[in-house]
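In: Provided below for reference: sequence and predicted model.
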Amino acid sequence: MAKGPSKRLTALAINALVKVGNYPDGDNLYLRVRHDGSKSWAFRYKMANKPHWMSLGPLRDVTLAEAREAARKLRNDLREGISPLDQRRERQALAMNAEGRTFDAVAKLYIEAHRAGWKNEKHAAQWTNTLKTYASPVIGSMSVGSIGLDEVLRILRPIWKEKPETASRLRGRVEAVLDYAGVHGWRTGDNPARWTGYLDQVLPARAKVRAVEHHAALPWANLPEAWGKLVASGSTSALCLRLLILTATRSGEARGARWNELDLAAKTWTVPASRMKAKQEHRVPLSNAAVAILETMRPLQNKPDGLVFPGGKPGKPLSDVALSKALATVAEGFTVHGMRSTFRDWCAESTNFPREVAEAALAHTNKNKVEAAYARTDHFEQRRKLMDAWARHCTSPAVKPAGNVTTIRATA
């Protein structure tokens, strides 16, 4: 190890260092100069008489002051008997496992963590049964990090009118489980089951529940009328919702679309596996109508990999709520996720396209393992024809009874 300066490092001294070696700043902090001239920070410590080196990042990203502060925190950990490297590995393992943390698994962890603080075993049983009955069929196998507003609404809407007391308890329990996941770093962002400032924007208060049952999917025959109202709106959320409808994608896929995923010349959108529910890359053929929406958004592009539909906060996409509100203004009582059902119903009732083409358009995985093993195509060219036909339906003139003004809403 090279012998460093006797005094603490300074910015001027750091710039002057060119010889390969490890230069001490004191208090376990070192600047490492490598053969290629790169410089980085490292923390050196001993645990059980064994020396360890822990990287703190390159000089170009971590200032001297930041490196000293990081070293100070690590020394505090050492005094508590915590190995900095072991702690880092645990955090990395948690991050790697986050995708595998299903709602059911996290709910079980939450119940076990709180069981001792509940009055009796009956309370734990109620928690388990409520979530098993209503939440598990919808989100039980989903990663907690991928659960959004649409999924929560699919759980709550069917019982919001019929069983308001149960629905309210269920909402609170789902919220608690998702908060638990957030605290452990298994999900980020807003909690879609939160009432104040979130669900209260799209659901009526429990005390004012209407005697109307909301259905999730807008009838496909009514879509052109709703489409015309979305076009008239012209808002960013309406544009995003229109792209979602035209591409039959999920809310998170559309809201999280980035410019480097799009090839407008080839009229193709390639959603990476990391953003897909099935964790498989999904190619989406873009109709002319879809391309026109993207061209409308292009002036807002700020970098090659930037969000197509930026939200109110820098670097963040539009929220689930924004799309739900956009839909509610043109078709009351339907969910954004229900638009995929609308597309599927149209495919089955109004076209002759094969079932497997429609399923591929929805990026559904084939649950029949034998059929899946022999599948060798994603039916891309057939899907292009299907999505072009779907776009023609969406953008077709709305058919209304003469002299009547109608409001599209879900009916009992």
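Out: Good, I have the coordinates. Numbers count the residues shown, from 1 in each chain.
In: drop to CA atoms for contacts and neighbour counts, all remaining ones
Out: OK.
In: what are the ranges of the helices in the stretch 101-250 of the chain?
Out: With DSSP state H, counting those that start in this stretch as the criterion, the stretch 101-250 of the chain has helices at 103-114, 121-130, 136-139, 149-160, 164-183, 223-233, 236-247.
In: out of these, deepest packed?
Out: Mean neighbours per residue, mean count of other CA atoms under 10 Å, is largest over those for helix 236-247, with a mean of 24.
In: that older thread, in terms of mean pLDDT, which of the helices of the stretch 101-250 of the chain ranks lowest?
Out: When the helices of the stretch 101-250 of the chain are ranked by mean pLDDT, helix 121-130 comes last with a mean of 84.
In: Skipping its backbone neighbours, what lies nearest residue 384 in space?
Out: residue 285 (5.2 Å; CA to CA, 6 or more residues apart in numbering).
In: Can you name the residues that contact that neighbour?
Out: Neighbouring residues of residue 285 by CA atoms under 8 Å, 6 or more residues apart in numbering: 247, 267-269, 380, 383-384, 387.
In: Which one of the helices of the stretch 101-250 of the chain lies nearest to residue 38?
Out: helix 164-183 (36.6 Å; CA to CA).
In: partner residues bridging the residue nearest to residue 384?
Out: residue 268 (DSSP bridges).
In: sorry, back to before: filter the contacts of residue 285 to the buried ones?
Out: 247, 268-269, 383-384, 387 (16 or more other CA atoms under 10 Å).
In: Would you reformat the residues you listed as JSON lines and include distance to residue 44?
Out: Shown next, in JSON lines, are those (distance: CA to CA, whole Å):
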{"residue": "247", "distance to residue 44": "53"}
{"residue": "268", "distance to residue 44": "50"}
{"residue": "269", "distance to residue 44": "47"}
{"residue": "383", "distance to residue 44": "57"}
{"residue": "384", "distance to residue 44": "58"}
{"residue": "387", "distance to residue 44": "59"}
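In: coming back round to it: among the contacts of residue 285, which one has the lowest pLDDT?
Out: Among the contacts of residue 285, residue 380 has the lowest pLDDT, at 92.
In: which residues touch stretch 341-353?
Out: 217-220, 245, 248, 355, 358, 386, 390.
In: Now which of the residues you listed would you call buried?
Out: Among the contacts of stretch 341-353, those classed as buried by 16+ other CA under 10 Å are 217-220, 245, 248, 358, 386, 390.
In: that older thread, can you redo the contacts of residue 285 as JSON lines with distance to residue 342?
Out: Listed next are the contacts of residue 285 as JSON lines, based on distance: CA to CA, whole Å:
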{"residue": "247", "distance to residue 342": "12"}
{"residue": "267", "distance to residue 342": "23"}
{"residue": "268", "distance to residue 342": "22"}
{"residue": "269", "distance to residue 342": "21"}
{"residue": "380", "distance to residue 342": "21"}
{"residue": "383", "distance to residue 342": "17"}
{"residue": "384", "distance to residue 342": "18"}
{"residue": "387", "distance to residue 342": "13"}
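In: Kindly indicate which of those lies nearest residue 55.
Out: residue 269 (38.4 Å).
In: Pull the contacting residues for that closest one.
Out: Neighbour list for residue 269: 261-263, 283-286 [criterion: CA under 8 Å, 6+ apart].
In: Mark which of the residues you listed are buried, thanks.
Out: Buried among the contacts of residue 269 (16+ other CA under 10 Å): 261-262, 283-286.
In: and of the helices of the stretch 101-250 of the chain, who's closest to residue 192?
Out: Residue 192 lies closest, by CA to CA, to one member of these: helix 149-160, at 4.9 Å.
In: and the closest one with helix 164-183, angle?
Out: Put simply, helix 149-160 runs at 160 degrees to helix 164-183, going by axes from the mean of the first three to the mean of the last three CA atoms, to 10 degrees.
In: so the nearest residue to residue 275 once chain neighbours are set aside is in which element?
Out: In space, and not counting its chain neighbours, residue 275 is closest to residue 253: 6.5 Å by CA to CA, 6+ apart. For residue 253, the element it lies in under DSSP states H and E is helix 251-255.
In: Give me the helices and strands touching that helix, please.
Out: In terms of contacts (3 or more CA pairs under 8 Å, 6 or more residues apart in numbering; DSSP states H and E), helix 251-255 is packed against helix 236-247.
In: Who are the packing partners of the helix it packs on?
Out: The elements that helix 236-247 packs onto, with contact taken as 3+ CA pairs under 8 Å, 6+ apart, are helix 223-233, helix 251-255, helix 288-297, helix 320-328, helix 338-350, helix 380-394.
In: Kindly reformat those as CSV containing distance to residue 159.
Out: Formatted as CSV, those follow (distance: least, CA to CA, whole Å):
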stretch, distance to residue 159
helix 223-233, 26
helix 251-255, 23
helix 288-297, 35
helix 320-328, 19
helix 338-350, 17
helix 380-394, 31
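In: So which of those is nearest residue 136?
Out: helix 338-350 (18.8 Å).
In: Could you check how far that closest one is from the centre of its chain?
Out: Averaging C-alpha positions (CA atoms, centre = their mean, to the nearest Å) puts helix 338-350 24 Å from its chain's average.
In: In JSON lines, list the buried ones among the contacts of stretch 341-353 along with distance to residue 31.
Out: Formatted as JSON lines, these follow (distance: CA to CA, whole Å):
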{"residue": "217", "distance to residue 31": "60"}
{"residue": "218", "distance to residue 31": "62"}
{"residue": "219", "distance to residue 31": "65"}
{"residue": "220", "distance to residue 31": "64"}
{"residue": "245", "distance to residue 31": "54"}
{"residue": "248", "distance to residue 31": "52"}
{"residue": "358", "distance to residue 31": "58"}
{"residue": "386", "distance to residue 31": "59"}
{"residue": "390", "distance to residue 31": "60"}
